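**Student:** Mind folding the following:
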Amino acid sequence: MYLTSLALRWFAATFCIILAQTALAHTASTSAVSIDIESHQVRITLQLPADQLALAEAALVPTTDTELMANSWQQLKLSALTQYLQKHIQLRNDSGTLLPVVGIDQLTVETHNGTPFLHIELTLVPEKDETLSALDLHYTVILHQVVTHKVYVTLQSDFTQGQVDNTTTPLGIIR
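**Tutor:** Model (predicted):
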C-alpha cells in the first residue's frame with residue numbers, strides 16, 4: 001500500500017514537471033509599434049500577431065491560416081479593423097488634442113517564425129495649426145483582453161526633433 005502511494009506521488013510529480021516544461025516551451029508572440037513623426041503627420045507601423053489579435057477580438061481575424069493568408073478577407077474586415085484600431089490607439093499632442101487615426105494605409109500578412117502577423121500602416125493627422133511635439137500614446141490593442149501581451153514601441157524618426165536618419169530608438173514596452 002505504501003509503495004503504491006509512493007509510486008503515485010512520483011508519477012504525479014514527474015507529470016507536473018513535464019507539463020510545466022511544456023507550458024514554458026511556447027511563449028506568446030509580442031507586438032511592435034514603430035512611430036515616424038513627420039512634419040505634418042504621424043505614421044505608425046504595427047506588427048500584430050494574428051493569434052493574439054484573435055484572442056482579443058475574434059471577429060477581426062479568420063479562423064484558419066489559409067484564410068488569413070488570402071487577401072479577400074482583408075477587404076471584408078478593413079472597416080471593422082479600422083474601427084478597432086481607432087478605439088484602441090489614441091495619440092495626443094502636448095495641448096491634449098487627439099490626432100485621429102485617418103485609416104489603414106496598408107495591410108499585409110507576414111509570417112515570422114511560423115506565426116502570422118498583421119503588418120499595418122496607419123496615418124494620424126493633426127488638425128490645422130496643431131503641433132506634433134510631446135506626443136502621448138495611449139495604446140490598448142490586444143492588451144485590453146490579453147493582459148499578458150507585450151508591445152515593443154520604437155521611434156523610427158522624429159522630424160520635430162531633427163531625428164530624420166531612421167535610427168530606431170526604443171521607447172519602451174507596454175504591458
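
**Student:** any idea how far residue 116 is from residue 108?
**Tutor:** Summarising the geometry, the distance separating residue 108 from residue 116, computed by Cβ to Cβ, to the nearest Å, is 11 Å. The way it works is simple: take the backbone N, C-alpha and C, and place the C-beta from them, glycine included.

**Student:** Looking only at neighbour counts, state which of the two leads.
**Tutor:** Taking neighbours as other Cβ atoms under 10 Å, residue 108 and residue 116 compare with residue 116 leading, 20 against 11.

**Student:** can I assume residue 142 is in contact with residue 50?
**Tutor:** No. With contacts defined as Cβ atoms under 8 Å, residue 142 does not count as touching residue 50, sitting 10.6 Å away.

**Student:** what about the two, which has more around it?
**Tutor:** Shown here are residue 142 and residue 50; by other Cβ under 10 Å, residue 142 has more neighbours (25 against 21).

**Student:** Tell me which stretches of the chain form strands.
**Tutor:** Listed in chain order, the strands found in the chain under DSSP state E are 31-37, 42-49, 89-92, 98-99, 101-112, 115-124, 136-139, 151-158, 169-174.

**Student:** need the contact list for residue 119.
**Tutor:** Contacts for residue 119 were tallied using Cβ atoms under 8 Å, 6 or more residues apart in numbering; they are 45-47, 106-110.

**Student:** How about residue 104?
**Tutor:** With contacts taken as Cβ under 8 Å, 6+ apart, residue 104 has the following neighbours: 78, 81-82, 85, 120-122.

**Student:** Is it possible to get the strands of the chain out as a markdown table so that each row also shows distance to residue 60 and mean pLDDT?
**Tutor:** Formatted as a markdown table, those follow (distance: least, Cβ to Cβ, whole Å; pLDDT from 0 to 100):
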| stretch | distance to residue 60 | mean pLDDT |
| --- | --- | --- |
| strand 31-37 | 14 | 94 |
| strand 42-49 | 10 | 95 |
| strand 89-92 | 14 | 94 |
| strand 98-99 | 23 | 90 |
| strand 101-112 | 11 | 88 |
| strand 115-124 | 9 | 93 |
| strand 136-139 | 16 | 94 |
| strand 151-158 | 17 | 92 |
| strand 169-174 | 20 | 92 |
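
**Student:** right, so of the ones you listed, which gets closest to residue 63?
**Tutor:** Checking the strands of the chain against residue 63 by Cβ to Cβ gives strand 115-124 as the closest, at 12.1 Å.

**Student:** could you give the angle of the closest one to strand 42-49?
**Tutor:** Direction vectors for strand 115-124 and strand 42-49, defined by axes from the mean of the first three to the mean of the last three Cα atoms, to 10 degrees, enclose an angle of 160 degrees.
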